[in-house]
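Enquirer: just the structure for this:
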Amino acid sequence: MNTALFVEMCRENLLPCGAAEAERLCTFADFLLAENEKYNLTAIREERAVMLRHLCDSMTLVSYVPEGARVLDIGSGAGFPAVPLAVCRPDVTVAALDATAKKVSFISAAARLLSLRNLTAHAARAEELAHDTAFRETFDIVTARAVSRVPVLAELAAGFIKMGGSLLLMKGEPETTSRELSDAGPIMRRLSLSHERTDERTLTDCAETLSRTIVIIKKTAPTPAAYPRRYSQIIKN
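Expert: Below you'll find the predicted structure:
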């Protein structure tokens, strides 16, 4: 990866990224593409596209995370936004969660490669791990990037979030996101989750434009012990 090109892309998109962080993120991107030949971790393979759609996109969350926060990234996949958050915010601890063991193994290997002591990876299903006392209501921030619809994510995430903490959802088209939030109203009320605001962000590189909607949801009371339910129940209702 061309580090100078990535630094310039971050500058053009008003994303804070120093030389040291850019070097580590480009090293991570190179590792991702090399391992992708074996494990099919991402369909995005072109250099500039990886920089924009994976690295820059993930970095849009950096300013939303409070100092010293404990962060959980649900459905982290190939490590987005978990790895960029851990690189750009050494003051926070990041836990990457994914149900696919090979992806968790890749994130763990990336953490070792980049010497990221503030990043761990866990292979588990969110609806099960949220009932584990070591994880329940212990995170200041929970993130999810292009994982599922808002009603599903709200239930999967609520049990992990501390009282007063936040759920940050990285979504796409604003109108679709608005409809999903409306659909999520009943379950969010049962889970004491409140939609605080929705921010729209556009990232650009030459002829390509990436539109991102960031949904900020606050937790105002403890999650009832019955939630989250089994995944089959979540998607059915």
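
Enquirer: what's the neighbour count on the closest residue to residue 68 other than its chain neighbours?
Expert: Leaving out its chain neighbours, the residue that sits closest to residue 68 by Cβ to Cβ, 6 or more residues apart in numbering is residue 91, at 5.6 Å. Where C-beta positions appear, they are placed from N, C-alpha and C, glycine not excepted. Residues near residue 91, counting by other Cβ atoms under 10 Å, number 10.

Enquirer: so residue 91, which state does it fall into?
Expert: Of the three states, residue 91 takes coil under DSSP: H, G, I helix; E, B strand; the rest coil.

Enquirer: check the one 5 residues further on too.
Expert: At residue 96 the chain is in strand, as set by three-state DSSP.

Enquirer: can I assume it is in contact with residue 116?
Expert: No - Residue 96 lies out of contact with residue 116 (Cβ atoms under 8 Å); the separation is 10.4 Å.

Enquirer: common neighbours of these two, please.
Expert: Both residue 96 and residue 116 are in contact with residue 83, where contact means Cβ atoms under 8 Å, 6 or more residues apart in numbering.

Enquirer: please save the CA atoms from the host helix or strand of residue 112 in PDB.
Expert: Secondary structure from DSSP states H and E places residue 112 in helix 101-113. Written as PDB, here are the backbone C-alpha positions of helix 101-113 (Å, rounded to 0.1, in the frame of the first residue of the first chain):
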ATOM      1  CA  ALA A 101     -13.300 -18.600  13.400                       C
ATOM      2  CA  LYS A 102     -11.100 -17.900  10.400                       C
ATOM      3  CA  LYS A 103     -11.900 -14.200  10.500                       C
ATOM      4  CA  VAL A 104     -11.200 -14.100  14.300                       C
ATOM      5  CA  SER A 105      -7.900 -15.900  13.700                       C
ATOM      6  CA  PHE A 106      -7.000 -13.300  11.000                       C
ATOM      7  CA  ILE A 107      -7.800 -10.400  13.300                       C
ATOM      8  CA  SER A 108      -5.700 -11.900  16.100                       C
ATOM      9  CA  ALA A 109      -2.800 -12.400  13.700                       C
ATOM     10  CA  ALA A 110      -3.200  -8.700  12.600                       C
ATOM     11  CA  ALA A 111      -3.100  -7.600  16.200                       C
ATOM     12  CA  ARG A 112       0.200  -9.500  16.700                       C
ATOM     13  CA  LEU A 113       1.600  -8.100  13.400                       C
END
